[in-house]
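S.K.: Mind folding the following:
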Amino acid sequence: MGHLDHATFGWLTPALSYAMACIGAALGLRCTVRALGAAGRSRRNWLLTAASSIGTGIWTMHFVAMLGFGVSGTDIRYDVPLTVLSLVVAMTVVSAGVFAVGYSRDRTRALLLGGLTTGLGVASMHYLGMAAMRLHGDVTYDPVLVGLSVLIAVVAATAALWAALNIKSPAAVTAASLIMGAAVSSMHYTGMFAVSVHVTPSGAVLPGTTAMQFIFPLAVGLGSYLFLTSAFVALSPTTGEREASVSAQQSVESVAS
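M.R.: Numbering: from 1, shown residues only. Predicted coordinates for the structure are as follows:
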């Protein structure tokens with residue numbers, strides 16, 4: 001049985017992964033708030049930004065945490081297509097949940113269905129990412145902890161969508177984001193504690209790429225996307241600010257005429 005280390009770099013990877021989850025959640029919530037105050041193409045664009053932000057945050061959280069994962073007695077590689085598929089799954093299911101609450105007239109039903117779908121999708125993303133792992137040995141899972149991780153994912157996703165519908169102020173969004181980041185991180189590490197590895201020593205070359213060769217550059221790129229999008233959202237005027245600007249301009253024109 002190989003010894004599993006979930007933090008080979010100490011608290012660096014858990015702290016960074018939690019930060020990524022929080023940033024993605026905060027950005028997603030702010031964009032959803034903007035979307036609910038908009039209409040037409042503007043609403044769609046804000047919802048797309050919200051979904052991509054939350055999905056990117058969740059995926060980046062998972063794989064930044066995986067940078068600190070190690071198993072004694074074997075190297076670890078990652079299958080590139082499966083890893084990319086896990087990112088696509090994260091984006092797709094989060095988009096489905098966000099658009100469900102963004103457009104549905106029956107918000108309660110959309111919240112429950114969207115939370116269930118998104119939670120199962122997030123769990124699928126996690127276990128697809130784990131399936132992409134290549135090592136010398138066999139990986140098994142504790143079914144109870146796997147079930148608990150899926151439950152946490154569904155509850156966290158439902159809470160995130162509820163927050164998107166009901167939380168408006170920046171302070172409340174910040175608090176909700178910290179809680180959501182903790183929930184996503186809890187889901188990840190619950191799933192990781194479900195893992196056991198029976199190492200089979202071998203000198204054969206493992207297929208795939210190392211985390212530093214592929215996952216680290218991709219995580220940095222997605223993290224940069226989150227920071228740049230955060231700056232864009234922070235500088236973009238809200239619907240209320242745009243309406244106030246138009247009203248002020250009309251008042252000036254009225255006085256001038």
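S.K.: tally of neighbours for residue 8?
M.R.: 12 (other Cβ atoms under 10 Å). C-beta coordinates here come from the backbone N, C-alpha and C atoms, glycine included.
S.K.: Confirm for me that residue 148 is in contact with residue 193.
M.R.: No - using Cβ atoms under 8 Å, residue 148 is not in contact with residue 193; the gap is 9.4 Å.
S.K.: these two touch, right, residue 112 and residue 155?
M.R.: No - Residue 112 lies out of contact with residue 155 (Cβ under 8 Å); the separation is 11.7 Å.
S.K.: related to what we said a few turns ago, same drill for residue 148 and residue 193, tell me which one is more crowded.
M.R.: The neighbour count for residue 148 versus residue 193, taken as other Cβ under 10 Å, is higher for residue 148 (17 against 14).
S.K.: Please name the residues that touch that one.
M.R.: With contact set as Cβ atoms under 8 Å, 6 or more residues apart in numbering, residue 148 has these partners: residue 190.
S.K.: Could you measure from it over to residue 189?
M.R.: Distance from residue 148 to residue 189, counting by Cβ to Cβ, to the nearest Å: 11 Å.
S.K.: I'd like the average pLDDT over the lengthiest helix in the chain.
M.R.: If you go by DSSP state H, the chain has its longest helix at helix 40-67. Averaged over helix 40-67, pLDDT sits at 87.
S.K.: Tell me the buried residues in it?
M.R.: 43, 46-67 (16 or more other Cβ atoms under 10 Å).
S.K.: can you check stretch 159-168 too?
M.R.: Quick answer for stretch 159-168 (16+ other Cβ under 10 Å): 159-165, 167.
S.K.: what's the answer for stretch 73-87, then?
M.R.: 74, 76-80, 82-83, 85-87.
S.K.: Please convert these to TSV, extending it with pLDDT, distance to residue 27 and secondary structure.
M.R.: TSV is the format used below for the buried residues of stretch 73-87 (pLDDT from 0 to 100; distance: Cβ to Cβ, whole Å; DSSP: H, G, I helix; E, B strand; the rest coil):
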residue	pLDDT	distance to residue 27	secondary structure
74	88	37	strand
76	90	30	strand
77	91	31	strand
78	91	26	strand
79	91	29	coil
80	88	27	helix
82	90	27	helix
83	88	23	helix
85	91	24	helix
86	89	20	helix
87	87	17	helix
